[in-house]
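# Let me see the structure of the following:
(2 chains)
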Number of protein chains: 2
Amino acid sequence: MAMKKKPVTGMKDILPREMEIRDYAIGLIKETYKTFGFTSVETPAVEHIENLSSNQGGENEKLIFKVLKRGDKLTSSVRKMIADSDDPEFENVLMPDTSGLTDSGLRYDLTLPLSRYYSNNANDLPSPFKALQMGNVWRADRPQRGRYRQFMQCDIDILGEPGIIAEIELILATTTLLGKLDFSNFTIRINDRRILKAMAAYSGFAERDYDTVFIILDKMDKIGLDGVKEELLKEGYAEETVEKYLGLYEKLVGNDAESEAKVSADDKAKISIENIKSIKETLGDYLDAEVSENLSTIITSVEGAKAADFGISFDPTLVRGMSYYTGPIFEISMDEYGGSVGGGGRYDEMIGKFTGQATPAVGFSIGFERIVMLLLENNFQVPGTGSRKAYLVEKNMPAEKMQKIMALAKQERDAGTIVNVSIMKKNKKFQKEKMQEEGYTEFVEFFSDREF
Amino acid sequence: MAMKKKPVTGMKDILPREMEIRDYAIGLIKETYKTFGFTSVETPAVEHIENLSSNQGGENEKLIFKVLKRGDKLTSSVRKMIADSDDPEFENVLMPDTSGLTDSGLRYDLTLPLSRYYSNNANDLPSPFKALQMGNVWRADRPQRGRYRQFMQCDIDILGEPGIIAEIELILATTTLLGKLDFSNFTIRINDRRILKAMAAYSGFAERDYDTVFIILDKMDKIGLDGVKEELLKEGYAEETVEKYLGLYEKLVGNDAESEAKVSADDKAKISIENIKSIKETLGDYLDAEVSENLSTIITSVEGAKAADFGISFDPTLVRGMSYYTGPIFEISMDEYGGSVGGGGRYDEMIGKFTGQATPAVGFSIGFERIVMLLLENNFQVPGTGSRKAYLVEKNMPAEKMQKIMALAKQERDAGTIVNVSIMKKNKKFQKEKMQEEGYTEFVEFFSDREF
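The predicted structure is shown next:
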């Protein structure tokens, strides 16, 4: 059978230049998050199909790479599937149910595996538990430029802490990291699921309609207030309800994006606190006072202790896709990228699905692949890679001289110099030029008939 | 559907204590191998089923986790499978061929993906190319203690270099790393596939029997010379051939293991050089002189430039499982472990299978999981983890004071201290005891009614 040279559809081979940046970013992430008291964890790439299909993953559950059962289990599942087939004539075979063929799949995110991990190991873990998880996830998405079917995720989560200290720590850790990677001028947009719900309830929407309403609200960025109004009316909601709902947003999000960009970070925080206050006053008993106070405290604490040049801003239109969020939600907007490069929120009910016992949880995920892409585009130089030296060794060097060369290389490597020992090629000039492109600045030549 | 708390069969959740060692080892591996001029690469975890089933993987090809096709492709494959089924009555369904259901699988090693990677990207890579690849691989092996179905591999390979400078660099890089991880007293056993073949040819075995003969020879460690003889005779080989074959080994491996352990590293190298000389004299034209000379040069060069306390020793009984090896082969034996903790060799013909053009290649893989296990058993302490401080914060701290606490934490974190900010629990004494177990040595308490 002919061997295939390209990677499988939608996945990629990562070349050395990108790997250098990835390795550097991974090292920096671990180092930075560790100073915040996070500890690394790892879960298997393969997860039970029952867990992956438990309605925690939203749209991602449609994108699972499923793993075929093995051995006798596959045999009996295939037999059962064929026996259950309703067209024994094989002329117009109806599609049988293939779900019996698989017992597991590749994880589509790190949150679900972490919840399983915590429920499986809680007795051996501190409480609260501050987890750092980096690893690949897989989604059988339609392949498109810059989006791959295997990609790295990088999540920090605090499990077992009900208070907003968890949110503050997550936001500070993430923004400190972005600062160390030379990102600036980004904005942390923050909201609370309970504010979203209170605004909908206050306006007269029924609880069963919230998800639909929020999906439309989520488009505010792209289609504006008028567009949102149009779509809500098209769904058949009462005009009065829609008007009341959008009236709440009008005074908060009236500023167009351009004027917003000119607001200083300090003012963003101040305006946010004012807006939260005003929302609470309007919503009255629809909104628990603790929710708005906590949101203000998060904003004040982050603004006062931040380690990078960014703003934090209350955004009542922020929805975040996943329905498992229960409290504060947040997202990183970066002008350079024009989209989100990370986000997260509180999901107090997921772990209880495993344990039967509610465990507060909040997480923040950075878009590792997007960040690497931005660093590559900005021609980011990995700092402190040390000097690179090439030893060019004449072919057929006798054993005792080869020994000496390797001992010399050892001395320099021990001192941290990168030493690449290669056989001298016929076209030495070309060889050196190529190595210079790789960053080798110094060349030492060894000949068998010369002393060294 | 009930959620499953345990990981899938044969895979494991990795707890913080082990992760600390893994993260440290991964960092050290990258750092060390980089000083030898290796650059990181990454290949997807999912590989074409055609490549995984191309007879490069030996027994591992029976252990592939196969990925189910998706969408229309799955539909038509299932229809075809059912239509092809030879028992339309569904009464005693014969097992149909399920191979059409899968288009890919999880990689079982890193060598095959690297060969594909190189053939796909050679134009963008230096020549020779020194690759470092770390990543998980998956094998649906029978679960057993200490062996998992997902495990990390860590390979260095030099592609495009025909000379033994590649073998020398690989062995020095690997042993330097093991030395940095505080391992000593291990032995690099080295042999050459062409010596194995020459010894078999000299003794009168037919080429088609080599693989069977080598598999039996590989058991020398366990069953000794007499055991090997018995099994060879049982296979029906002529007594004269078997006698001649084992006569070659008798004088080389006659020493029992105990006396061998007492031989100094320096003497091991000297004895090896003598043994190689003697083998060459006996085999005459059956063995190319370059093969034995090169093996001696590798041993001399490694012995003279080594950075750790270990021996390198010619072992004519070393076989290595994979049939793709074409030249020198090597393995790390560690007394502490009682088995191999790594190995590799030259495989000059694999990349040609993709490109149609032979490309010399040699690789060395360390048994990452075994090394981590040994470090855990030896209670290895990760050096320089820095001091750990816990801030215990009274519940419901007002915003402006919370801001101050986070700013204090920032200062200390910037200076490299690990600062864990937590809410003070009712049972503060117990909380501190638990945190001490995690390595927190200093505690700072913050109360809302006190100045700080």
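# only C-alpha atoms for contact and neighbour calcs from this point on.
Will do.
# Check which element follows the helix or strand bottoming out on mean pLDDT in chain A along the chain.
Of all helical and strand segments in chain A, the minimum by mean pLDDT, DSSP states H and E falls on helix A:257-261, at a mean of 54. Later in the chain than helix A:257-261, the nearest helix or strand by DSSP states H and E is helix A:265-283.
# Regarding residue A:183, which helix or strand does it belong to?
Here residue A:183 sits in a region with no helix or strand, counting by DSSP H and E.
# how close does residue A:36 sit to residue B:429?
With distances taken as C-alpha to C-alpha, to the nearest Å, residue A:36 is found 22 Å from residue B:429.
# more neighbours, the two?
More crowded of residue A:36 and residue B:429, by other C-alpha atoms under 10 Å in any protein chain shown: residue A:36, with 24 against 10.
# Chain B contacts on the stretch 301-450 of chain A?
By C-alpha under 8 Å from any C-alpha of the partner chain, the residues of the stretch 301-450 of chain A that approach chain B are A:301-307, A:353-354, A:398-400, A:402-404, A:406-407, A:410, A:413, A:416-423, A:434-435, A:438.
# Now the closest residue to chain B within the stretch 151-300 of chain A. Nearest residue, chain neighbours left out?
In the stretch 151-300 of chain A, the residue that lies nearest chain B is residue A:297 (4.7 Å; C-alpha to the nearest C-alpha). The shortest distance from residue A:297 to any residue other than its chain neighbours is 4.7 Å, reached at residue B:399 (C-alpha to C-alpha, 6 or more residues apart in numbering or on different chains).
# what does residue A:287 give?
Closest to residue A:287 by C-alpha to C-alpha, 6+ apart is residue A:198, at 5.6 Å.
# didn't the one you found look like it was pressed against residue A:283?
Yes - counting by C-alpha atoms under 8 Å, residue A:198 touches residue A:283, with 7.1 Å between them.
# Among these two, which residue is more densely surrounded?
Counted by other C-alpha under 10 Å, residue A:198 and residue A:283 do not tie: residue A:198 has more neighbours, with 21 against 18.
# Shouldn't that one be within a strand?
No - read with DSSP: H, G, I helix; E, B strand; the rest coil, residue A:198 is helix and lies in no strand.
# For it, which residues are in contact?
Residue A:198 makes contact with A:283, A:286, A:287, according to C-alpha atoms under 8 Å, 6 or more residues apart in numbering or on different chains.
# do you know how far the residue nearest to residue A:95 when sequence neighbours are not counted is from residue B:149?
In this structure, residue A:95 finds its nearest non-sequential neighbour in residue B:75, 6.5 Å apart by C-alpha to C-alpha, 6+ apart. Distance from residue B:75 to residue B:149, counting by C-alpha to C-alpha: 29 Å.
# and what of residue A:435?
Computed with C-alpha to C-alpha, the distance linking residue A:435 and residue B:149 is 40 Å.
# do residue A:163 as well
Taken as C-alpha to C-alpha, the span from residue A:163 to residue B:149 is 39 Å.
# now do residue A:204
As for residue A:204, its distance to residue B:149 is 53 Å (criterion: C-alpha to C-alpha).
# try residue A:298
Computed as C-alpha to C-alpha, the residue A:298 to residue B:149 distance reads 43 Å.
# could you pull out the strands for the stretch 301-450 of chain A?
Taking DSSP state E, counting those that start in this stretch, the strands of the stretch 301-450 of chain A run over residues A:310-314, A:328-334, A:339-346, A:361-366, A:388-393, A:418-423, A:442-446.
# quick one: the longest one to strand A:361-366, angle?
Orientation check (axes from the mean of the first three to the mean of the last three C-alpha atoms, to 10 degrees): strand A:339-346 against strand A:361-366 gives 170 degrees.
# ok so, going back, looking only at neighbour counts, state which of residue A:435 and residue B:149 leads.
Comparing residue A:435 with residue B:149 by other C-alpha under 10 Å, the one with more neighbours is residue B:149, at 23 against 20.
# Check whether that one really touches residue B:140, as I assumed.
Yes - the criterion here is C-alpha under 8 Å, and residue B:149 meets it with residue B:140 at 5.6 Å.
# Retrieve the pLDDT associated with the residue of the stretch 51-200 of chain A found nearest chain B.
Residue nearest to chain B within the stretch 51-200 of chain A: residue A:67 (4.5 Å; C-alpha to the nearest C-alpha). pLDDT for residue A:67: 97.
# again with residue A:345
pLDDT, residue A:345: 97.
# pLDDT of stretch A:402-410, averaged?
Stretch A:402-410 comes out at a mean pLDDT of 93.
# okay if I get the contacts of residue A:198 as a markdown table plus distance to residue A:335 and pLDDT?
Listed next are those as a markdown table, based on distance: C-alpha to C-alpha, whole Å; pLDDT from 0 to 100:
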| residue | distance to residue A:335 | pLDDT |
| --- | --- | --- |
| A:283 | 32 | 94 |
| A:286 | 34 | 96 |
| A:287 | 32 | 96 |
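# Now flag whichever of the residues you listed is closest to residue B:320.
Taking C-alpha to C-alpha as the measure, residue B:320 lies nearest residue A:287 of the contacts of residue A:198, at 68.9 Å.
# can you tell me how far that closest one sits from residue A:201?
Distance from residue A:287 to residue A:201, by C-alpha to C-alpha: 10 Å.
# again, but for residue A:266
Counting by C-alpha to C-alpha, the gap from residue A:266 to residue A:201 is 32 Å.
# Could you tell me which residues make contact with the residue of the stretch 151-300 of chain A closest to chain B?
By C-alpha under 8 Å, 6+ apart, residue A:297 lies in contact with B:398, B:399, B:400, B:402.
# Correct me if wrong: the second one contacts residue A:303.
Read that as residue B:399. No - between residue B:399 and residue A:303 there is no contact under C-alpha under 8 Å: 10.8 Å.
# okay, those two: which has more neighbours?
Set residue B:399 next to residue A:303 and count neighbours by other C-alpha under 10 Å: residue A:303 wins out with 23 against 19.
# What pLDDT is listed against residue A:141?
On the pLDDT scale, residue A:141 gets 92.
# Same check on residue A:222?
Among the per-residue scores, residue A:222 holds a pLDDT of 87.
# can you pull the contacts of it?
Residue A:222 makes no contacts at all, as judged by C-alpha under 8 Å, 6+ apart.
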